[in-house]
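*Asks:* From the sequence below, what's the structure:
(chains A and B)
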Amino acid sequence: MAALTVSTRTPTNFIIFSAHQASALPSVRRMCDSNKKPETVIRDREKVTDLAKTRFTRGSDVPIVPPDEKERVAELLSANECDTVLGVKIKDADPDSEGISMSTMQFSRRGIAGEISISQKAYLEVYGLRPGANGFELGEEEVKIGRTQECKLTLPLGGISRVHARIYFRNEEYYIQDLGSTNGTYVNGIKVVRCVLRNNDRIDIGEAKIVFIEERVRGV
Amino acid sequence: MSTANQPQVTFWGTRGSIPTPGRTTEKFGGNTPCVSVMYKDTLVIIDAGSGIRNCGLELLSEAAAKGQKQLSLHLLLSHTHWDHIQGLPFFGPAYIKGNKLVIYGSPNKEGFLESILSDQMDTQYFPVEMSTFASDLSIEEMPEDAPLQLGDLSIEWQEQIYHPGGSVRFKISAGGKKIIYASDVELDIMFNSNEKTEETEKHAKEYLEFIDGADLLIADGQYSEEEYKTKAHWGHTSVPVLLEVAYRAGVGHLAFFHHDPLHTDKFLNDLWSQYSTKYHTADPPMHIFWAREGLTMPIG
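*Replies:* The predicted model follows:
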């Protein structure tokens, strides 16, 4: 599968997913592997692009696909109400054919939506450690920070308690909590017992200066 | 909000006027005012803006984890403008039988506090009436002649007239520390007006005495200096006036509160950058910050 664009239909419009994201969806892979007979084929790259870009509005007269495919796609959509997905598969260019071919497929919007999630990636950048040892990726597991090896993030720096603080993930947010340290935990200069962390927050723990970096990525 | 050996303050809602969710407010928060103070095993909640919903969820979660069957809660209301009471219908612990909830307000509401709170839960506005609260609920006036004593917390209060409809400020003393909550007041009238009168000077003196030496002052600083020029007499304070007054009163930490709905995280960060160094490096220093949702800080 060279490229794939999938549109999920909601009551008001279609959301276009990128080919990369869509190709990672198990249901799409299953569909593509099933050798299902294409229900419609478009051989024109511009038409494919138009189709992928088109937003559908329920009950509106806005053209939804290139004119020669309009009736066919509209029929597919109306037959499935809102809970459908229009999939557009672009196969590898066949040297013997005119170019790309594309199939229009239907599959469950709920099924696809269930496979898509917003994933978070978060990191700590620790200043005061040697380059190469100063990045720490956070996951959903708790991370204790302190001087001793029992801590997942060990900081051999001054002013840091044996087990100083922890970072934990709850309700899709990261929190830092001081664990009764001697010198305290600071977020943006304010001493905290606990604080939800936001992108670019600066954490001070003893001599360690740490920056919390968070990215949100739509993925599967 | 586990038992605390030193007073702890948590910000559950810091935004003024109306909840303001969205990407541009996620750092400082979009929920309307709610702050809790925990000391030893006593918890006091101040104001019931939309932030109180998360406060309630955490209380219930902690109680479930500890196997605690009853919660004893105290809620102080500074006033009843919408942004300070709109979260009450979403305060989970109020609906649970066995919990005890006492709501305190100004006696100057003359017994209307209960009807104001229940009216916002009239079925025209909300699907569930206040009578559905299954907790042991009582609504009381703040005592006028002596501090209110709740566990190891002692609470004094004063009326603030420089806000449409008035509001109340609270001073919570706990473990030798003083925490002041003084939102929704226009200090500019008292301290920076060309129309100074005997009355404004009296009120300014009372305010300074009330906040004197506070370890933490949570105060209305809704407008930038520039914005205040077009928002005088709207009932909120400008940043430079609050800074000057708080410093004069020897405040240790100043939390700007009741953020304007138009103020993005960047805007508030910029204000902090503009003013913090001057006060942080002053002698004595005053630590200033813009209160952010989800922050629990120790006092002491």
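
*Asks:* And for A:Y174, nearest residue in space, chain neighbours not counted?
*Replies:* If the residues on either side of it in the chain are set aside, A:Y174 comes closest to A:L197, at 4.5 Å by CB to CB, 6 or more residues apart in numbering or on different chains. Placement of C-beta: from N, CA and C, glycine included.

*Asks:* ok, now how distant is the one you found from B:L271?
*Replies:* Applying CB to CB, to the nearest Å, the value for A:L197 to B:L271 is 21 Å.

*Asks:* Equivalent analysis for B:C55, please.
*Replies:* 26 Å.

*Asks:* Same drill for these two, tell me which one is more crowded.
*Replies:* The residue with more neighbours, out of B:C55 and B:L271 and counting by other CB atoms under 10 Å in any protein chain shown, is B:C55; that gives 27 against 19.

*Asks:* doesn't B:I45 make contact with the more buried one?
*Replies:* Yes - here B:C55 lies in contact with B:I45, judged by CB atoms under 8 Å, at a distance of 6.3 Å.

*Asks:* joint contacts of those two?
*Replies:* With contacts taken as CB atoms under 8 Å, 6 or more residues apart in numbering or on different chains, the residues that reach both B:C55 and B:I45 are B:C34, B:S36.

*Asks:* can you pull the buried residues of stretch B:275-291?
*Replies:* With burial defined by 16 or more other CB atoms under 10 Å in any protein chain shown, the residues of stretch B:275-291 counted as buried are B:Y275, B:S276, B:Y279, B:M286, B:H287, B:I288, B:F289, B:W290, B:A291.

*Asks:* could those be laid out in JSON lines, adding secondary structure, pLDDT and distance to chain A?
*Replies:* JSON lines is the format used below for the buried residues of stretch B:275-291 (DSSP: H, G, I helix; E, B strand; the rest coil; pLDDT from 0 to 100; distance: CB to the nearest CB, whole Å):
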{"residue": "B:Y275", "secondary structure": "helix", "pLDDT": "97", "distance to chain A": "13"}
{"residue": "B:S276", "secondary structure": "helix", "pLDDT": "95", "distance to chain A": "8"}
{"residue": "B:Y279", "secondary structure": "helix", "pLDDT": "97", "distance to chain A": "12"}
{"residue": "B:M286", "secondary structure": "coil", "pLDDT": "97", "distance to chain A": "13"}
{"residue": "B:H287", "secondary structure": "strand", "pLDDT": "96", "distance to chain A": "7"}
{"residue": "B:I288", "secondary structure": "strand", "pLDDT": "97", "distance to chain A": "10"}
{"residue": "B:F289", "secondary structure": "strand", "pLDDT": "98", "distance to chain A": "5"}
{"residue": "B:W290", "secondary structure": "strand", "pLDDT": "98", "distance to chain A": "10"}
{"residue": "B:A291", "secondary structure": "coil", "pLDDT": "98", "distance to chain A": "10"}
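
*Asks:* for whichever residue of the stretch 151-300 of chain B sits closest to chain A, what are its contacts?
*Replies:* Sorted by distance to chain A under CB to the nearest CB, the residues of the stretch 151-300 of chain B start with B:G294, at 3.2 Å. With contact taken as CB under 8 Å, 6+ apart, B:G294 is in contact with A:E173, A:Y175, A:C195, A:V196, B:F11, B:G29.

*Asks:* Which of those residues fall in strands?
*Replies:* Helix and strand membership here follows DSSP state E; of these, those in strands are A:E173, A:Y175, A:C195, A:V196, B:F11.

*Asks:* pLDDT score for the fourth one?
*Replies:* What it means is A:V196. Turning to A:V196, the model gives it a pLDDT of 97.

*Asks:* about what we covered before: can you tell me which of the contacts of B:G294 is nearest A:E207?
*Replies:* Checking those against A:E207 by CB to CB gives A:C195 as the nearest, at 19.9 Å.

*Asks:* Settle this for me: that closest one is touching A:Y174, isn't it.
*Replies:* No - A:C195 lies out of contact with A:Y174 (CB under 8 Å); the separation is 9.7 Å.

*Asks:* I'd like to know which residues of chain A are adjacent to chain B.
*Replies:* For chain A, the residues in contact with chain B (CB under 8 Å from any CB of the partner chain) are A:173, A:175, A:184, A:187-196, A:198-199.

*Asks:* closest point of chain A to chain B, which residue?
*Replies:* Among the residues of chain A, A:V196 lies nearest to chain B; the distance is 3.2 Å by CB to the nearest CB.
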